[in-house]
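Novice: what follows is a predicted protein model with its sequence.
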Amino acid sequence: MVNLEQPHTFYTLVTNGSLTKASERLFITAPAIFMEVRSLKRYISYKLIERMGREIKLIDLGDIVYGYCKRIFSSVEEMKTFIHGEES
């Protein structure tokens with residue numbers, strides 16, 4: 001089963017372009033990041049990224065999944081903005 005943590009970790013990793021930056025942003029260790037991405041990979045049943053040294057490269061399907069994640073988290077931010085605007 002997938003929850004929002006796996007896609008969020010994947011999205012943050014790809015957006016930041018490096019494991020170190022994603023780790024700092026998420027306040028979790030590099031192995032924890034790969035556990036989340038691996039869990040998402042198992043759920044989808046396809047490989048999403050390739051590691052090239054310290055760099056992360058999206059595989060074709062990874063690019064598609066990243067696009068969906070981008071829309072999901074953009075919608076979440078939009079919802080938060082709306083809710084906070086309603087509270088004022």
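Specialist: Arrived safely.
Novice: would you map the strands across the chain?
Specialist: 49-52, 55-58 (DSSP state E).
Novice: tell me which residues in the lengthiest helix in the chain are buried?
Specialist: In the chain, with assignment by DSSP state H, the single longest helix is helix 60-87. Of all the residues in helix 60-87, those buried under the rule 16 or more other C-beta atoms under 10 Å are 62, 65, 66, 69, 73. The way it works is simple: take the backbone N, C-alpha and C, and place the C-beta from them, glycine included.
Novice: ok, the first one to residue 80 distance?
Specialist: I take that to be residue 62. From residue 62 across to residue 80, the span is 26 Å (C-beta to C-beta, to the nearest Å).
Novice: kindly report the same for the third one.
Specialist: When C-beta to C-beta is the yardstick, residue 66 and residue 80 sit 21 Å from each other.
Novice: before we move on, the earlier item: please produce TSV containing the strands of the chain, extended by distance to residue 6.
Specialist: As requested, these are exported to TSV (distance: least, C-beta to C-beta, whole Å):
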stretch	distance to residue 6
strand 49-52	13
strand 55-58	15
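Novice: next, the contact list for residue 70, please.
Specialist: residue 11 (C-beta atoms under 8 Å, 6 or more residues apart in numbering).
Novice: for it, report the pLDDT, please.
Specialist: Here the pLDDT value assigned to residue 70 is 95.
Novice: now do residue 50
Specialist: For residue 50, pLDDT reads 91.
Novice: what of residue 87?
Specialist: Looking at residue 87, the pLDDT reads 68.
Novice: and residue 2, its phi and psi?
Specialist: phi -110, psi 140 (degrees, to the nearest 10).
Novice: surely it touches residue 41?
Specialist: No - judged on C-beta atoms under 8 Å, residue 2 makes no contact with residue 41 at a distance of 10.5 Å.
Novice: neighbour-wise, which of those two wins?
Specialist: Higher neighbour count among residue 2 and residue 41: residue 41, with 19 against 11, using other C-beta atoms under 10 Å.
Novice: isn't that one up against residue 59?
Specialist: No - using C-beta under 8 Å, residue 41 makes no contact with residue 59, being 10.2 Å away.
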